[in-house]
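Asker: Model the structure of this input:
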Amino acid sequence: MVNDLIKSVQKPYWLKVFSFLMVLSASYFFYPLIVNVQAEYLSTDLLIYFLVCVFIVFVAYIRQQPHLSEPWHEVFKHKIAMSSIVVLCFFIIIGLMDSIHFRVSDSNISDSKKNQTSYSTDMVSLLDVSLDYISRNSEKTYSSPFSIYSYAKENFTNDKGIKYRDYPRLKYAGAHLDSVDAHGSDIAKKSLIGLLISVLVVIFYSIFICILIKAKEKLSYQETFYKIVKRELDLPWHVLLITSAIIILIFSILFYLSAFYHVMGTDKVGQDVFYLALKSIRTGLVIGTLTTLIMLPFAIALGVMAGYYKGFVDDVIQYIYTTLNSIPGILLIVAVMLAIDVYIENHAEFFETAIERADIKLLALCAVLGITSWTGLCRLLRGEVFKLRELEYIQAARSLGVSNIKIITSHIVPNVMHIVLIVVVLDFSGLVLAEAVLAYIGVGVDPSTISWGNMINSARLELTREPVVWWSLISAFSFMFALVLAANLFADAIRDAFDPRMQGIK
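Answerer: Coordinates of the predicted model:
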């Protein structure tokens, strides 16, 4: 078996895959040698990098297996699925940018004795650096979207010494305006410039995609463009281009306007809500993916063992997940999070920064959600394996003396992976929503962690004031809704492609 694995790795295709992984690893761990920064690797950052590597190997394996590549081809042929993939890729790119942490060199600090470069105490991510022009423009308190005035009145004194109350001008939003009367026209002008920039980006992006399609389909440029427009290609590339164009148009305009205005307003302490909504993407993706990574080994191993071995093994596993289900999940989460808080307080020397403490709490939340969410998939796999173990080819393998481990790994597990895949994608959206619910009741991620749940939790008390502060809630809800909707639509396409019963209906 080891020799077979070595031979497979030595094949040219897999040599290319592992060479790419080596280059990716070198880029991830040694980029500080090229850029003058000090790399910082949080626990969740390393796990995300591990997931990226697993995903690359998974894609490479699928491409070599016709029985897996054909259903995935059907997924990509689905128009709604293709559109959902583009939306998910946008969120994933933002999340990956926010998972590369480092400390920049501090020119104000010098160490003349050791002649060493000193670095800032603040840990930032690649996304923070990219959006620095937004994050650094913090106001005093609330301001509505595109407004140039604060949302709260302050005391002023005029030239005659008379005191009055009025809405003060914001420090950064609209600071470039010479006259308040030009506010509306300036927004329209800046929006038009952002639109022109986005059109140029869309053109270059479309050309790049056409070049890739041309290389894949081995067509001329004219034939490639014609077939995309006429929708004659096997995959709905026009849906990819249209969806990508819409995303680029919207966010190019928002990113450009954010240099001059707070496009989604500011929160209670004056932070830009658009920046907070983008920063929250990483938290949602970490909750959805790392929880799945923790949950899968328990669900697959115990579910397959219970269904295949039956008897005493099945009774023990049923007892375990029945007992776990009898404990209210929220109580278990509260207990674990309180224990983590106590551990952090008693071992403060292990966590130098608030980001590291928040990261450990985020990882602990993923772990406890994974421990409490594997039972449903375990039940499904147990029932499916009960049916599979009685099929003729399984009985024939057992009669020929094939070991149980070989039967499980070669016949049972591959035939239940469609269930695993469908459940995992469906559970992703539920886990993203779970973070918001837990943060709402105060037992979710650390309050210093930027997340949609914390944004909603901080905005709920402002819904009772007059006038209502609505933009924080709407912004968090909009981003969360887009991610959850895209994940659910993608899950539906996967179910249609992989579920044998759905294929039978077709």
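
Asker: Show me the shaky parts of this protein.
Answerer: Applying pLDDT under 70 to the chain flags the ranges 1-11, 106-117, 499-506.

Asker: Pop the domain breakdown of it in here.
Answerer: 1-64+98-137, 65-97+272-505, 177-257 (automatic domain parsing).

Asker: Return the distance of the second one from the chain's centre.
Answerer: Looking back up the chat, that one is domain 65-97+272-505. 12 Å (CA atoms, centre = their mean, to the nearest Å).

Asker: try the last one
Answerer: Using CA atoms, centre = their mean, the mean C-alpha position of domain 177-257 is found 23 Å from that of the whole chain.

Asker: circling back to that earlier point, out of the domains of the chain, deepest packed?
Answerer: Most buried of the domains of the chain, by mean neighbour count (mean count of other CB atoms under 10 Å): domain 65-97+272-505, with a mean of 18. Placement of C-beta: from N, CA and C, glycine included.

Asker: Between the domains of the chain, which one is closest to T157.
Answerer: domain 177-257 (20.2 Å; CB to CB).

Asker: mind listing the strands in the chain by residue range?
Answerer: Applying DSSP state E to the chain gives strands spanning 37-40, 101-104, 124-125, 154-157, 163-166.

Asker: and the shortest one, which strands flank it?
Answerer: Right, strand 124-125. strand 101-104 (antiparallel) (DSSP bridges).

Asker: for the strand it pairs with, the distance to its chain's centre please.
Answerer: Offset of strand 101-104 from its chain centre (CA atoms, centre = their mean): 21 Å.

Asker: what does it contact?
Answerer: 32, 36-42, 45, 119-125, 129, 355 (CB atoms under 8 Å, 6 or more residues apart in numbering).

Asker: Also stretch 302-321?
Answerer: Stretch 302-321 has contacts (CB under 8 Å, 6+ apart) with 374-375, 377-386, 388-389, 404, 407-408, 412-413, 416.

Asker: Just the CA coordinates for it, please, in PDB.
Answerer: Provided in PDB are the C-alpha atoms of stretch 302-321 (Å, rounded to 0.1, in the frame of the first residue of the first chain):
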ATOM      1  CA  LEU A 302     -18.300   6.900  14.500                       C
ATOM      2  CA  GLY A 303     -21.100   6.900  12.000                       C
ATOM      3  CA  VAL A 304     -19.400   4.300   9.800                       C
ATOM      4  CA  MET A 305     -18.300   2.200  12.700                       C
ATOM      5  CA  ALA A 306     -21.800   2.100  14.200                       C
ATOM      6  CA  GLY A 307     -23.400   1.100  10.900                       C
ATOM      7  CA  TYR A 308     -20.900  -1.500   9.900                       C
ATOM      8  CA  TYR A 309     -20.000  -3.300  13.100                       C
ATOM      9  CA  LYS A 310     -23.500  -3.000  14.700                       C
ATOM     10  CA  GLY A 311     -23.900  -4.800  18.100                       C
ATOM     11  CA  PHE A 312     -21.900  -3.600  21.000                       C
ATOM     12  CA  VAL A 313     -20.100  -0.900  19.000                       C
ATOM     13  CA  ASP A 314     -23.300   0.500  17.700                       C
ATOM     14  CA  ASP A 315     -24.800   0.600  21.300                       C
ATOM     15  CA  VAL A 316     -21.800   2.500  22.700                       C
ATOM     16  CA  ILE A 317     -21.700   5.100  19.900                       C
ATOM     17  CA  GLN A 318     -25.500   5.500  20.200                       C
ATOM     18  CA  TYR A 319     -25.100   6.100  23.900                       C
ATOM     19  CA  ILE A 320     -22.400   8.700  23.300                       C
ATOM     20  CA  TYR A 321     -24.300  10.800  20.900                       C
END
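
Asker: Give me the nearest residue to the residue nearest the centre of the chain, chain neighbours excluded.
Answerer: With distances taken as CA atoms, centre = their mean, the residue of the chain nearest its centroid is L285 (2.8 Å). Closest residue in space to L285, ignoring its immediate chain neighbours: G95 at 4.1 Å, by CB to CB, 6 or more residues apart in numbering.

Asker: right, and that neighbour touches S280 too?
Answerer: No: using CB atoms under 8 Å, G95 makes no contact with S280, being 9.9 Å away.

Asker: Now the terminal residues of stretch 157-177, how far apart.
Answerer: Start and end residues of stretch 157-177 are separated by 23 Å (CA to CA, to the nearest Å).

Asker: Give me the buried positions along it.
Answerer: P168, L170, Y172, A173, G174 (16 or more other CB atoms under 10 Å).

Asker: Does the third one touch N137 like I think?
Answerer: Yes: at 3.8 Å, Y172 counts as touching N137 under the criterion of CB under 8 Å.

Asker: Find residues that contact each of these two.
Answerer: H262.

Asker: quick revisit: okay, the strands of the chain in JSON lines with distance to Y343 next?
Answerer: Below are the strands of the chain laid out as JSON lines (distance: least, CB to CB, whole Å):
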{"stretch": "strand 37-40", "distance to Y343": "21"}
{"stretch": "strand 101-104", "distance to Y343": "22"}
{"stretch": "strand 124-125", "distance to Y343": "25"}
{"stretch": "strand 154-157", "distance to Y343": "44"}
{"stretch": "strand 163-166", "distance to Y343": "48"}
